[in-house]
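In: give me a model of this one.
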Amino acid sequence: MGTPTFTLKQIFEMNTFLKRGLAMLPLGLAVMSLMTSCKGKDENAGKDSTKVVAKVPTPGDTITLDPNKRYIYLTWDDSPQPPGTNICRRVFQEQGVKATFFGVGFNMFEPSRRRMIDSIRAAYPQFLLANHSFSHGMQDHYKDFYTHPDSAVNDFLHAEQLMKIPVKIIRMPGSNSWVGKDLNKGPNSAKLVRDRLDSMGYKVIGWDLEWNQKPGTKAPLQTPTEMVDAINKRFEQEYTTEPNAIVILSHDRLFGTQQYADSLAKFIQLLKQDPRNVFETIDHYPLVMRK
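Out: All right, here's what the predicted structure looks like:
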């Protein structure tokens, strides 16, 4: 086929047509865009576009415990006690287990320890910050502390405010006391304080087993194997405050060296060998969740 030829008139008419088409192009594109938009809206009409957002866990949330599991609550007192606190946290993180740190309020006056407390509070749901009083029982003068229930209760409230404790859970210094629904037990010396805290809606958590401090040192007394054996024995004998749950007490300061950090890691690894064992924070302890 040969090359077509056009008259001057035809060329002029085609040029005019193209100019008009280009001028109309933006309007055409806009109309097409509007039509596409409307079509999309029509197609989605009536559909629920609400996205499902996972609920962020908050301290004190209630969970369902598996009756076929054994729940282990690692609770570390007198926090923070550097370097032990940071070492314990690192071990817990590496091992992927949960733990509760019971903080002492007067630590808030030291900037580095205040930052540790803030960091623990922000690390939920792996770590929970709970209340171990402001003065640690008037600097370990427990008899005087519990003899004056008004000042003792105010001491706990002061700690809660300073440390911004997110839950109404207390461990009473120097006293293996328990308070919750249908339970109020512990030394008679602390009963008046327990009663006051109970009336105010607080839960008080004692302990079933302690990883003790070796006398005259800042080191754990029992070996990891001894602790695991003791835990298994308690479960087998059903000798715990709550069925299928055991509260372990220890202190940050006992694990301030690599040697004892390794002991803590081994302790957790031995417990993880039993598939029944689950590590939880103390806000998910049965006594705390029971209304």
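
In: hey, let's count contacts and neighbours off CA atoms from now on
Out: Will do.

In: following the lowest-mean-pLDDT helix or strand in the chain in sequence, what is the next regular element?
Out: When the helices and strands of the chain are scored by mean pLDDT, DSSP states H and E, helix 8-44 comes last with a mean of 44. For helix 8-44, the following helix or strand on the C-terminal side (DSSP states H and E) is strand 70-79.

In: what does that next one contact?
Out: 85, 98-104, 117, 132, 136, 244-252, 276-282, 285 (CA atoms under 8 Å, 6 or more residues apart in numbering).

In: go again using 6 Å as the cut-off
Out: Strand 70-79 is contacted by residues 99-104, 244-251, 276-281 when judged by CA atoms under 6 Å, 6 or more residues apart in numbering.

In: buried among those residues? Need that as a selection in ChimeraX.
Out: With 16 or more other CA atoms under 10 Å as the criterion, this ChimeraX line picks the buried residues out of the contacts of strand 70-79:
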select :99,100,101,102,103,104,244,245,246,247,248,249,250,251,277,278,279,280,281
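
In: could you list which of the contacts of strand 70-79 belong to strands?
Out: Residues of the contacts of strand 70-79 located in strands (DSSP state E): 99-103, 245-251, 277-279.

In: spit out the contact partners of the residue nearest to residue 209 when sequence neighbours are not counted.
Out: Spatially, and ignoring its direct neighbours in sequence, residue 209 is nearest to residue 248 (5.1 Å; CA to CA, 6 or more residues apart in numbering). Residue 248 is in contact with 73-75, 207, 209-210, counting by CA under 6 Å, 6+ apart.

In: who wins on neighbours among these?
Out: In terms of neighbours by other CA atoms under 10 Å, those top out with residue 75 at 28 neighbours.

In: for the nearest residue to it once chain neighbours are set aside, list each beta-bridge partner.
Out: Using CA to CA, 6+ apart and skipping residues adjacent in sequence, the residue nearest residue 75 is residue 100, 4.7 Å away. Beta-bridge partners of residue 100, counted by DSSP bridges, are residue 75, residue 128.

In: surely residue 100 meets residue 281?
Out: Yes: the pair residue 100 / residue 281 is scored as a contact, 5.5 Å apart, by CA atoms under 6 Å.

In: can you pick out the most distant pair from the contacts of residue 248?
Out: The most widely separated members of the contacts of residue 248 are 73 and 210, with 11.6 Å between them, by CA to CA.

In: the stretch 101-250 of the chain: strands as residue ranges?
Out: Here the stretch 101-250 of the chain has its strands, by DSSP state E, counting those that start in this stretch, at 127-131, 169-170, 178-180, 183-185, 203-204, 209-210, 245-251.

In: now the ones you listed as a markdown table including mean pLDDT and distance to residue 54?
Out: A markdown table is the format used below for the strands of the stretch 101-250 of the chain (pLDDT from 0 to 100; distance: least, CA to CA, whole Å):
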| stretch | mean pLDDT | distance to residue 54 |
| --- | --- | --- |
| strand 127-131 | 98 | 20 |
| strand 169-170 | 98 | 26 |
| strand 178-180 | 98 | 30 |
| strand 183-185 | 98 | 35 |
| strand 203-204 | 98 | 28 |
| strand 209-210 | 98 | 36 |
| strand 245-251 | 98 | 28 |
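
In: quick one: those as TSV, columns for distance to residue 265 too.
Out: Converted to TSV, the strands of the stretch 101-250 of the chain look like this (distance: least, CA to CA, whole Å):
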stretch	distance to residue 265
strand 127-131	17
strand 169-170	27
strand 178-180	29
strand 183-185	33
strand 203-204	28
strand 209-210	17
strand 245-251	14
